[in-house]
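> give me coordinates for this.
(chains A and B)
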Amino acid sequence: MQLHRILPLVLVLLACSPLSVMARGQGSLPDDYCRWEVVDYGIVEPLCGLAGDARRGSMIASDGSRGNCLACHQLPIPDVEAYGTIGPPLAGIASRLSVPMIRLRVVDTRNINPMSIMPGFYRDPRLINRPGEKYRGRTFLTAQQVEDVIAYLATLK
Amino acid sequence: MIRINKTTLLFCSFLLAIPATAVQAGEAKSGYDYIKPASRAMQDDEFENPGMIAVERGQGLFNNLQDDADRACAECHGKDGVKLDAKNIARYPVYSEDTGEIVTLQNRISRCRDGNTGSKPLPTDHPQLVDLETFVRNRASGEPVNVHTDGQVADLLQQGEELYKTRYGLIDMACYQCHDVYPGQMIRGQKISQGQGNGFPAYRLDTGEITSLNQRIQQCLSLMRAEPFDADSEESKLLELYIMSRSNGLGIETPAVRY
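Numbering: from 1, shown residues only, chains lettered A, B, ... in the order given. I've put the predicted structure just below:
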């Protein structure tokens, strides 16, 4: 086979290979990071096998220093003055998506849409480019916080 | 035979699609169009605009002989900078053929001072240098930004654009995602602007300080929980050059009032 014919394929394979991911990543995976697996466009197993708490999840979702979902999404949470309009409104999200599908979108939505602006709240820290010193080797939310938010979103039917 | 599973193929096809689907920048709009009417009124009124305090401080530094200097800027450029050329100010950052590097307006002011007034050099974004930059840019108020984009600058702009389109930090966003894809949308209570540079140095309502474009970029990167680029790094200059070139044609509004 001529090289110029297969070159685009080789480039694509290189770009998608674990090697390129490792080259971009920084540091090693923290010990407490729980691995997750995508099945049918969702993550079936709760992170680290944890159970979420919807009440806590609602607080994390509206807290500007934690989940801050409201920065971009409209949510049916009373007494919130300003929502963002970047992402879709999340009222009724659990009627539209299954819990595993919600989980993948919160954990790392770029598995579905690589162009998404939404941060991966439990993205592999090695994939983060130039994290601030305080944030190296960390995920945006902890596995427990992610499960809490998912438990809350699952109530929005 | 190489076997690729469907998910990988789907993912790769997305990767390939990125350049083709990247949003084309539309018409440049000043941040002025995105701030609240009360902030516009504050910017428009020279007495209400808190950025004018920096202009006045810069004016003082420009007109008066500083302790460590033999001459004042005004000796060459006229009192209040009357001999400064607005068209020239609007071109910054420029590319210097002599040194082969990007020269920001702060670099230019700093070098002019060091070389001609005998005063001590000021590091990038030193408060006095930001005041001087604010004063000098304010002299070119209304002049359309006119960063040259041809010749060797074209290559630098491409590098700047690459940095502008790279994701940074734990929040993992690129400048262009907010400022090219979502201008006009709300992030909490604020409208996202196009991230134009024509109003900088600007008075930031959020911090209550006069802020150079480079400082604003650093603050944005910190907000993304990223490690900002050093003030004098090549990356900072490339980003400033690219962002100012996006503002070509927009009138200089320094000191603008911005969130």
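> which stretches of the chain have low pLDDT?
Defaulting to chain A. By pLDDT under 70, the low-scoring segments of chain A are A:1-27.
> actually it's chain B I care about, not the one you picked
Ranges of chain B meeting pLDDT under 70: B:1-26.
> show me where it has helices.
Assignment of helices within chain B using DSSP state H yields the ranges B:6-21, B:37-44, B:51-63, B:73-77, B:86-89, B:105-116, B:127-139, B:152-164, B:175-176, B:213-223, B:234-246.
> adding mean neighbour count and distance to chain A, write those helices out as a markdown table.
(C-beta placed from N, C-alpha, C; glycine too.) Shown next, in a markdown table, are these (neighbours: other C-beta atoms under 10 Å in any protein chain shown; distance: least, C-beta to the nearest C-beta, whole Å):
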| stretch | mean neighbour count | distance to chain A |
| --- | --- | --- |
| helix B:6-21 | 12 | 5 |
| helix B:37-44 | 15 | 16 |
| helix B:51-63 | 21 | 25 |
| helix B:73-77 | 18 | 37 |
| helix B:86-89 | 16 | 32 |
| helix B:105-116 | 19 | 24 |
| helix B:127-139 | 23 | 23 |
| helix B:152-164 | 16 | 11 |
| helix B:175-176 | 22 | 10 |
| helix B:213-223 | 21 | 7 |
| helix B:234-246 | 23 | 10 |
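> okay if I get these as a markdown table plus distance to A:Val39?
Shown next, in a markdown table, are the helices of chain B (distance: least, C-beta to C-beta, whole Å):
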| stretch | distance to A:Val39 |
| --- | --- |
| helix B:6-21 | 10 |
| helix B:37-44 | 49 |
| helix B:51-63 | 55 |
| helix B:73-77 | 67 |
| helix B:86-89 | 59 |
| helix B:105-116 | 53 |
| helix B:127-139 | 53 |
| helix B:152-164 | 35 |
| helix B:175-176 | 33 |
| helix B:213-223 | 35 |
| helix B:234-246 | 40 |
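> what's around the closest residue to chain A within the stretch 151-259 of chain B, how many residues?
Proximity of the stretch 151-259 of chain B to chain A (C-beta to the nearest C-beta) peaks at B:Gly189, 3.5 Å away. Neighbour count of B:Gly189, defined by other C-beta atoms under 10 Å in any protein chain shown: 12.
> residues contacting it?
If a contact means C-beta atoms under 8 Å, 6 or more residues apart in numbering or on different chains, then B:Gly189 has A:81-82 as its contacts.
> if you set the cut-off to 6 Å instead, what comes out?
Counting by C-beta atoms under 6 Å, 6 or more residues apart in numbering or on different chains, B:Gly189 makes contact with A:Ala82.
> for it, what are phi and psi?
Per-residue torsions, B:Gly189: phi -90, psi 0 (degrees, to the nearest 10).
> does the closest residue to A:Gly52 other than its chain neighbours sit in a helix, a strand or a coil?
Spatial nearest neighbour of A:Gly52, excluding adjacent residues (C-beta to C-beta, 6 or more residues apart in numbering or on different chains): A:Ala151 at 3.0 Å. Here A:Ala151 is recorded as helix under DSSP: H, G, I helix; E, B strand; the rest coil.
> quick one: A:Ala151 from A:Thr109, how far?
Going from A:Ala151 to A:Thr109 by C-beta to C-beta, to the nearest Å gives 18 Å.
> A:Pro119 too?
Taken as C-beta to C-beta, the span from A:Pro119 to A:Thr109 is 9 Å.
> neighbour count for the two, which is higher?
Using other C-beta under 10 Å as the criterion, A:Pro119 and A:Thr109 rank with A:Pro119 on top: 25 against 18.
> which ones are touching that one?
For A:Pro119, the contacting residues are A:140, B:171-172, by C-beta under 6 Å, 6+ apart.
> and stretch A:81-92, is it in reach of chain B?
Yes: judged by C-beta under 6 Å from any C-beta of the partner chain, stretch A:81-92 comes into contact with chain B at A:82, A:84-86.
> which two from those residues end up farthest apart in space?
A:Ala82 and A:Ile86 (12.6 Å; C-beta to C-beta).
> now the residue nearest to A:Gly52: how far from B:Cys178?
Distance from A:Ala151 to B:Cys178, by C-beta to C-beta: 29 Å.
> and B:Arg139, by the same measure?
For B:Arg139, the distance to B:Cys178 - C-beta to C-beta - is 31 Å.
> wait, isn't B:Asn138 in contact with B:Arg57?
No: with contacts counted by C-beta atoms under 6 Å, B:Asn138 stays clear of B:Arg57, the gap being 11.5 Å.
> overlap of the contact sets of the two?
Jointly contacting B:Asn138 and B:Arg57 under the rule C-beta under 6 Å, 6+ apart is no residue at all.
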